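Q: predicted model and sequence below, questions to follow.
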Amino acid sequence: MRIVLAPLEGVMDHSVRDLLTRLGGYDLCITEFLRVSNHQLLPPRTFYQLAPELENNGLTPCGTPVRIQLLGSQPDTLAMNAQRAIELGSHGVDLNLGCPAKTVNKSKGGAVLLKEPQLIHDAVTAMRSAVPKDKPLSVKIRLGWDDPECVYEIVDSIVQAGADELTIHARTKEDGYKAEAIKWHYIAQVKQSLVEQGRSLSIIANGEIWNKEDAVACRRISQCDDIMIGRGALATPNLAAVVAGIRDKMLWLDVVDMIINYRHVQVQGSKGHHYSSRVKQWLTQMRQSYPEANELFDSIRRIKSSQDMLLAIERYRETKLIKSKFF
């Protein structure tokens, strides 16, 4: 089983991919989406900005392969940019058909395409013709816009177009991220349907994997080949290693050290000024795995300056270390 790091938009940039893959367990990273439109071939610098790993043979510093994800609805535009991604060193190409953001959907990107299986077929067909056969073409979808029964027609259009891999976020667009709306069993039904038709496609399950028990349950219910971890990777930074059975869950102070180290990684990158907002974003997710995250969040919630944020977290760490010596 492979474990894939999800392409969480606005979160999983190259600096986060670097930190998380260093903790072990990931076999592949999918980038945040690169929007393509207006029949335009984007310049190489745009790809490098999204994925600096392309300058390292498409690998993170610790050697995890990175795959470019494209978002758009024009088959020819998707095809020419998919070809460029491969030429620049991407380990395959992924098509985003799952983003539920209103701004993305209004511009005919992401999950809104789930309403148009024929357009999906045309887009994937064009990309397949542009991507060499030895390079994987993958697609990420939800079960449908508002009806999960639509997933069969959607998958059929993708399989017929020649995709190699399919990631299924087991909720509809209208389900959003509601935990109770997860429908892993639909993935099993999709797999069974493909078997009955004599078709083969690697399926990756995504959604509501927060710990090892969730991963085991997801695999059992969905009968997936691989799993993709998104928000769970923010809640427990070394979740992939835990799921893979190669590490125990990180201790809280080790997580704090990672957050401090993240500032130094960002300073070297292009998003250093986002450190304070990113830490708050992470701590919101970490509350699911670490009760201590509430305490740290409360102490830094009003801080906006990245440097002030770093100093506050370092003071918090020192206080915790001192207390640990006496208790």
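A: The structure has been received and is ready for your questions.
Q: got the buried residues for the helix or strand containing residue 219?
A: Secondary structure here is read from DSSP states H and E; on that basis residue 219 sits in helix 212-222. Buried residues in helix 212-222, defined by neighbour count with 16 or more other CB atoms under 10 Å: 214, 215, 218, 219, 221, 222. Any C-beta I mention is one placed from the backbone N, CA and C, and that applies to glycine too.
Q: same thing with stretch 277-296?
A: 278, 279, 282, 283, 285, 286, 289, 290, 292, 293, 296.
Q: on that earlier part again, now do the helix holding residue 219: distance to the chain's middle.
A: 18 Å (CA atoms, centre = their mean, to the nearest Å).
Q: now for that helix, which elements pack on it?
A: Packing partners of helix 212-222 (3 or more CB pairs under 8 Å, 6 or more residues apart in numbering; DSSP states H and E): helix 184-196, strand 202-206, strand 226-229, helix 239-244.
Q: hmm, back to that, for the buried residues of stretch 277-296, which one is nearest residue 182?
A: Within those, distances to residue 182 taken as CB to CB reach their minimum at residue 285, with 16.9 Å.
Q: how many residues are close by the residue nearest to that closest one when sequence neighbours are not counted?
A: Leaving aside its chain neighbours, residue 285 sits nearest to residue 234 (3.9 Å; criterion: CB to CB, 6 or more residues apart in numbering). Residue 234 sits with 23 neighbouring residues when counted by other CB atoms under 10 Å.
Q: quick one: pLDDT of residue 234?
A: Looking at residue 234, its pLDDT is 95.
Q: can you pull the contacts of residue 299?
A: The contact partners of residue 299, by CB atoms under 8 Å, 6 or more residues apart in numbering, come to 312, 316.
Q: got a pLDDT number for it?
A: For residue 299, pLDDT reads 92.
Q: can you check the one 5 residues further on too?
A: Each residue has a pLDDT score; the one for residue 304 is 88.
Q: one more: residue 108?
A: With respect to pLDDT, residue 108 has a value of 88.
Q: for it, phi and psi?
A: Torsion angles at residue 108 (phi, psi; degrees, to the nearest 10) stand at phi 60, psi 60.
Q: and for it, the neighbour number?
A: Residue 108 has 15 nearby residues by other CB under 10 Å.
Q: which residue, other than its chain neighbours, is closest to it?
A: Sequence neighbours aside, residue 73 is the residue nearest to residue 108 in space, at 4.4 Å (criterion: CB to CB, 6+ apart).
Q: same question for residue 106.
A: Distance criterion CB to CB, 6+ apart; nearest residue to residue 106, sequence neighbours excluded, is residue 112 at 7.9 Å.
Q: can you give me the strands in this structure?
A: With DSSP state E as the criterion, the chain has strands at 3-5, 28-35, 66-71, 93-97, 137-142, 165-169, 202-206, 226-229.
Q: what would those strands look like in JSON lines with distance to residue 310, mean pLDDT and mean neighbour count?
A: As requested, the strands of the chain are arranged in JSON lines below (distance: least, CB to CB, whole Å; pLDDT from 0 to 100; neighbours: other CB atoms under 10 Å):
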{"stretch": "strand 3-5", "distance to residue 310": "25", "mean pLDDT": "98", "mean neighbour count": "25"}
{"stretch": "strand 28-35", "distance to residue 310": "24", "mean pLDDT": "98", "mean neighbour count": "23"}
{"stretch": "strand 66-71", "distance to residue 310": "27", "mean pLDDT": "98", "mean neighbour count": "26"}
{"stretch": "strand 93-97", "distance to residue 310": "33", "mean pLDDT": "98", "mean neighbour count": "26"}
{"stretch": "strand 137-142", "distance to residue 310": "34", "mean pLDDT": "98", "mean neighbour count": "26"}
{"stretch": "strand 165-169", "distance to residue 310": "34", "mean pLDDT": "98", "mean neighbour count": "26"}
{"stretch": "strand 202-206", "distance to residue 310": "33", "mean pLDDT": "97", "mean neighbour count": "22"}
{"stretch": "strand 226-229", "distance to residue 310": "27", "mean pLDDT": "98", "mean neighbour count": "24"}
